[in-house]
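Chemist: Fold the following.
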Amino acid sequence: MAVLKVIEILSSSDKSWEDATKNGVTHASKTIKNIKSVYVKDQSVTVKNNELAQYRVNLKITFEVN
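Modeler: Residues are numbered from 1 along each chain as shown. Okay, the predicted model is just below:
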C-alpha cells in the first residue's frame, strides 16, 4: 500500500502558465522525490503598464512517502 502526501506551492513565469507549472515541478523535484501528479488549482496573472507581466499558478503536488 502506498502512502501519498500533498503539498501546495506557488510558481510563476513571464512566459506562460505551462512554463510556470514546469518551473514549479522542476524546483520542487530538487527536494521532493517520487512525484506522482500535479494539480493546477488556480491560475492568475499580474499586470504592469497595462500588459501581462507574470503568469502565476497554485499547484498541488502529490508524492509517495517512503
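
Chemist: in this protein, which spans are strands?
Modeler: Using DSSP state E, the strands of the chain run over 3-13, 35-48, 51-65.

Chemist: Just name the most buried of these.
Modeler: strand 51-65 (a mean of 15; mean count of other Cβ atoms under 10 Å). All C-beta atoms are positioned from the backbone trio N, CA, C, and that covers glycine.

Chemist: What strands flank that one, and is each parallel or antiparallel?
Modeler: As defined by DSSP bridges, the strand partners of strand 51-65 come to strand 3-13 (antiparallel), strand 35-48 (antiparallel).

Chemist: Can you check which of the strands of the chain gets nearest to residue 22?
Modeler: Closest to residue 22 of those is strand 3-13 (Cβ to Cβ; 7.9 Å).

Chemist: now that closest one: how far from the chain's centre is it?
Modeler: How far strand 3-13 lies from its chain's middle: 6 Å, per Cα atoms, centre = their mean, to the nearest Å.

Chemist: For that strand, give me every contacting residue.
Modeler: Outside strand 3-13, the residues that touch it by Cβ atoms under 8 Å, 6 or more residues apart in numbering are 19-24, 27-28, 32, 36, 41, 54-65.
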